[in-house]
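[1] Sequence isn't available, so here's the structure alone:
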């Protein structure tokens, strides 16, 4: 039984694109936003700079600095998602449960900036984990595999006309070389006799 790659590539390409249209659109849009996260403060707050290069404040001082910002709604460490210490910038970034980020000078304990951080939410939408692990594994992962198939079939369908044209030219060249220039003249050196 012959496999018709051209037929199946076109079918997979057409129906695969329809099948993954909405999840893939979400992946594309969130991917664009994540590419711009360092350039667009709406996505992620710009990173400030502290005074020193080595952190000298305690965790208690960090928690107190975060608590002093009412929008964070932090009462204890249970309300904190992540603490990111950046010694070269003299900075401690604290991400809160409600997605507010507080940037603190790692030496003085002064709050440098408080802003809403959307990049983590956008990243969770991007990989499907915002919905739940079932959606991530049973919708976003298969969509990624279909998109890989779309890429493979797209490359195949792109090169197919070029391969067909190359084969036709090669066949014409081979056919032209096999045909004698003047068929009525007979052989160039007739047998002696």
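    Great, that's in hand. Note that the structure is predicted; figures quoted are calculated from it, not measured.
[2] pLDDT of the helix or strand where residue 83 lies, averaged?
    For residue 83, the element it lies in under DSSP states H and E is strand 80-86. Per-region confidence: strand 80-86 scores 95 on mean pLDDT.
[3] So in that sheet, which strands flank it, and in what orientation?
    For strand 80-86, the paired strands and their directions (DSSP bridges) read strand 91-96 (antiparallel).
[4] now for the helix or strand just after the partner strand, which elements pack on it?
    Later in the chain than strand 91-96, the nearest helix or strand by DSSP H and E is strand 100-105. Packing partners of strand 100-105 (3 or more CB pairs under 8 Å, 6 or more residues apart in numbering; DSSP states H and E): helix 59-67, strand 91-96, strand 111-116. To be clear about C-beta, it is placed using only N, CA and C from the backbone, and glycine gets the same treatment.
[5] contacting residues around strand 100-105?
    45, 47-48, 50-52, 57, 62, 65-66, 69, 71-73, 90-96, 110-117 (CB atoms under 8 Å, 6 or more residues apart in numbering).
[6] residues in contact with stretch 88-99?
    47-53, 55, 57, 62, 65-66, 72-74, 79-86, 101-107, 112, 116-118, 120-121.
[7] now stretch 47-59
    83, 85-93, 103-109, 112-113.
[8] swap the cut-off to 10 Å and go again
    38, 62, 64-65, 77, 83-93, 101, 103-113, 115 (CB atoms under 10 Å, 6 or more residues apart in numbering).
[9] So what's the model's average confidence on the lengthiest helix in the chain?
    Scanning the chain for the helix with the most residues, using DSSP state H, yields helix 141-178. The predicted model assigns helix 141-178 a mean pLDDT of 84.
[10] buried residues in that helix?
    By neighbour count on 16 or more other CB atoms under 10 Å, the buried set for helix 141-178 is 143-144, 146-147, 150, 153, 156.
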